[in-house]
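Participant: just coords:
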């Protein structure tokens, strides 16, 4: 009974005599509610047990050695690097929404940018763990940092793996700064609405005494613009640098100039798919359907069609270049993708990334929450397989036939992959419950002139909203 | 300071901090701001739940210098990245990779870019907080109950009593003329150190003291000696209970860790009992037949041909005539070069296969031993092929099938 009433309390129309107050109420009641919906508890229990599996499997790998994985020459990179590239790609959509769409004045982003940014940070955290455990001695990654040592040696700055260290750590830092700065005014709202001392103290500390002074807003807006301008080239650089790990190697299937733009497009594609997968349940269970509307989902689905076509074009162009190059090794690498031992992975990728997203050309598909959710999940599967195909088909068939092999992951590989989703969802669920999930001050700034009209939040006219009345 | 001439009393009536006005809409706030600015006030501010469009012009807020902070930090980041990479990879520890230049800019661009962005971004956030005077824990406005809605849906304007033009009645009249929803006097902040909860103060003291413990332990360790081995948290198989080659071992009389094999020790699978197969001997002399393990077949012959090509032809030549490439190059140089044996000549033809096997295994005259390189079965295959070569060089008409003899006459 309690859970049902919680659910209804989240779905009820927001209180307040003007639109600003309604926005505040709609977002802050998630934090103010004594209990989150029952679905939150179920999801959190699942996520927490997956996180336990994650910690267990990486601890076991560190304790006994990485022989517990399927990694074996010639496929030394295998799951850990596939998962690294997958997660780092997921993160890109968050920065794209918060920075690039901000610079392009796409005001619809204000409803989704906050939790897209949170998704970025949690995805980068998941990504960062994989190279750390892949080195086999997870207590030694500091070797890659320029730290003075008794050997008098320094990192090798001409290696793309070293560029990765700088690109990913810069990306993580800037994303956190951007995210935190965006939350300062909303933390102040939470502080002012909280009734318990603990909450007032906690939100008060992170709000740092923000009181909405116009002189402060002026510098704040300028800083936000600068950070967006810095994050835009940064987000393009990060996946470009990740693609250099492959493109600067001389292996057939990797050594291609198309890799940086192809990786960036794929990252945005997969990232938007993850945003809709998170947005659909979040708006459903926390009653945010008036703020994250069907229009927002539709616009994100349109971005997915565009980036999905870019990715499909890149798949085609790789084949053209392998033929046009006249290199027999390149030619073999791509024929091997189509018909070789991993052709099942290749065709899974093509189906998930190129074929299914075409359904979004139909308006009734891209405005349907269930279709959006399912196709978003399919695209995530497809983008994971894209990284698997790139890494495994090339590494199992290099220049020397005597070193060819076939990579088979073990149960620990799957536990680590599945467990990383546990970390991601645990953090995301905590974020939904305790942090401002929507950038209230930004939504208020771009809402219709509520000051004049004393308007009301438009009631979302979508199927899900009606289902509960 | 306006309060210099007033007595600093611990009276129950605190001083006036300013006058606060509340508005419902951003537009009311903008028009009120224009009036306050025109009246010439300097110490005043407006407060809103979101950045109000047009308020900067209405209040006369000048462009912040923050972008210059960012620019300078970006330049410092870029220069640091260039210097760091050059110093570490080209100067302090020159690192040659695949014969590439020690210092080449393109390979260093990604890190230059990343550090430029990193320095700029951190400076932008820290600079914004610094210029805004944040963190700002306590403010006189916190005492005004209605002001809590500034982060929700209301808009406020505060004129400070500290302003030179401030006069309680006149300013109040000015503000009333802007049609606010409410006007309220704001008193000076009454928060004193004693208002901070005791639990928080003690908690902070305890945390600070606890944080100093590791530092104190590190300092103590730096300035004292210990007989105990260092703490070895991650073993990494650094110490292994075993004897390494050529080390001392007092267990044995000769004090050496290396031990010789016991007399008569044979490695597993290396007994090699079969004299015929492994040494070419049978019946007290050189074997005259191939051992049973060697199959007389086309396959063995083909293997023998390949192995002969690899191991024998460099000296003995393709046909075994003693005219291989080594001979052809060495003979013109003189210096007492002895031509390799022609293996098809009569005395070699007459040697038992066992003797040929011994010559390959252990070498003969100038020829080195090949026993270590060619497994026994392959040595026998080579001999089989040699027998074919010998036959080809010493053939008679009788060796040709009768039906073909006519074409040779």
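Facilitator: Structure's in. What do you need? Model, not experiment: these values are computed from the prediction.

Participant: Residue numbers of the stretch 101-250 of chain B in contact with chain A?
Facilitator: Within the stretch 101-250 of chain B, the positions lying close to chain A (Cβ under 8 Å from any Cβ of the partner chain) are B:104, B:107-108, B:110-111, B:113-115, B:117-118, B:120-122, B:124-125, B:127-129, B:131-132, B:134-139, B:141, B:147-153, B:234, B:236. (Each C-beta comes from the backbone N, C-alpha and C, glycine too.)

Participant: Filter those down to the buried ones.
Facilitator: Neighbour-count burial (16 or more other Cβ atoms under 10 Å in any protein chain shown) applied to those gives B:107-108, B:110-111, B:113-115, B:117-118, B:120-122, B:124-125, B:127-129, B:131-132, B:134, B:139, B:141, B:147-153.

Participant: Show me the strands in the chain, by range?
Facilitator: Since you didn't name a chain, this refers to chain A. With strands called from DSSP state E, chain A shows none.

Participant: Chain B was what I was after
Facilitator: B:16-23, B:44-47, B:155-160, B:182-187, B:281-282, B:285-286.

Participant: show me what contacts the residue nearest to residue A:417 when sequence neighbours are not counted?
Facilitator: Among residues not flanking residue A:417 along the chain, residue A:83 sits closest, at 5.5 Å (Cβ to Cβ, 6 or more residues apart in numbering or on different chains). Contacts for residue A:83 (Cβ atoms under 8 Å, 6 or more residues apart in numbering or on different chains) come out as A:126, A:127, A:130, A:384, A:416, A:417, A:420.

Participant: Distance of residue A:83 relative to residue B:349?
Facilitator: With distances taken as Cβ to Cβ, to the nearest Å, residue A:83 is found 70 Å from residue B:349.

Participant: any idea how far the residue nearest to residue A:417 lies from residue A:73?
Facilitator: Taken as Cβ to Cβ, the span from residue A:83 to residue A:73 is 20 Å.

Participant: Equivalent analysis for residue B:166, please.
Facilitator: Taken as Cβ to Cβ, the span from residue B:166 to residue A:73 is 79 Å.

Participant: So which of these two has more stuff around it?
Facilitator: residue B:166 (19 against 9; other Cβ atoms under 10 Å in any protein chain shown).

Participant: for the more buried one, phi and psi?
Facilitator: Per-residue torsions, residue B:166: phi -70, psi 130 (degrees, to the nearest 10).

Participant: Mean neighbour count, the strands of chain B: which tops it?
Facilitator: Ranked by mean neighbour count under mean count of other Cβ atoms under 10 Å in any protein chain shown, those are led by strand B:155-160, which reaches a mean of 26.

Participant: Name the residues that touch that one?
Facilitator: Contacts of strand B:155-160 (Cβ under 8 Å, 6+ apart): B:17-26, B:28-29, B:32-33, B:36, B:41, B:43-49, B:52, B:141, B:147, B:150, B:166, B:171, B:175, B:178, B:180, B:186.

Participant: For chain A, what's the nearest residue on chain B?
Facilitator: residue B:25 (2.9 Å; Cβ to the nearest Cβ).

Participant: Just the pLDDT for that residue.
Facilitator: Note for residue B:25: predicted pLDDT of 88.

Participant: Over to residue A:125?
Facilitator: 94.

Participant: What number of residues are in the vicinity of it?
Facilitator: 17.

Participant: try residue B:401
Facilitator: The burial count for residue B:401: 6, using other Cβ under 10 Å.

Participant: where along the stretch 101-250 of chain B do the helices fall?
Facilitator: B:105-131, B:168-176, B:198-222 (DSSP state H, counting those that start in this stretch).

Participant: Can you add distance to residue B:86 and give the ones you listed back as a markdown table?
Facilitator: Below are these laid out as a markdown table (distance: least, Cβ to Cβ, whole Å):
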| stretch | distance to residue B:86 |
| --- | --- |
| helix B:105-131 | 8 |
| helix B:168-176 | 61 |
| helix B:198-222 | 33 |
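
Participant: what's in contact with stretch A:359-376?
Facilitator: By Cβ under 8 Å, 6+ apart, stretch A:359-376 touches A:273-274, A:276-277, A:280-281, A:284, A:294, A:297-298, A:301-302, A:304-305, A:356-357, A:462-464.

Participant: Kindly report the same for stretch A:20-29.
Facilitator: For stretch A:20-29, using Cβ under 8 Å, 6+ apart, the contacting residues are A:9-10, A:13-16, A:186, A:189-190, A:193, A:287-288, A:290-291, A:436-438, A:440, A:443-444, A:447, A:450-451, A:456-457, B:49, B:151-153.

Participant: what do you get for stretch B:169-187?
Facilitator: B:14-24, B:28, B:31-32, B:35-36, B:39, B:140-141, B:143-144, B:146, B:154, B:157-159, B:165.

Participant: How about residue 153: what's its closest non-neighbour residue?
Facilitator: In the absence of a named chain, this looks at chain A. residue B:93 (5.9 Å).

Participant: Actually, chain B is the one I wanted.
Facilitator: residue A:20 (3.6 Å).

Participant: contacting residues for residue 379?
Facilitator: Picked chain A for this. Counted by Cβ under 8 Å, 6+ apart, residue A:379 has contacts A:269, A:270, A:273, A:304, A:308, A:352, A:353, A:356, A:357.

Participant: nope, chain B please
Facilitator: Per Cβ under 8 Å, 6+ apart, neighbours of residue B:379: B:357, B:360, B:361, B:370, B:371.

Participant: again, but for residue A:214
Facilitator: So residue A:214 contacts B:45, B:46, B:47, B:48, B:51, B:52, B:55, B:56, B:59, B:61 (Cβ under 8 Å, 6+ apart).

Participant: and if you look at residue A:107?
Facilitator: residue A:446.

Participant: gap between it and chain B?
Facilitator: 12 Å (Cβ to the nearest Cβ, to the nearest Å).

Participant: same deal with residue A:417?
Facilitator: 26 Å.

Participant: is it true that residue B:54 touches residue B:29?
Facilitator: No. Using Cβ atoms under 8 Å, residue B:54 is not in contact with residue B:29, being 9.7 Å away.

Participant: So which of these two has more stuff around it?
Facilitator: residue B:29 (29 against 13).

Participant: quick one, what contacts the more buried one?
Facilitator: Taking Cβ under 8 Å, 6+ apart as the test, what residue B:29 contacts is B:23, B:46, B:48, B:52, B:55, B:155, B:156, B:157.

Participant: Output the below-cut-off pLDDT ranges for the chain.
Facilitator: Because you didn't say which chain, this covers chain A. A:1-9, A:448-469 (pLDDT under 70).

Participant: wrong one, I was asking about chain B
Facilitator: For chain B (pLDDT under 70), the answer is B:1-13, B:190-194, B:409.
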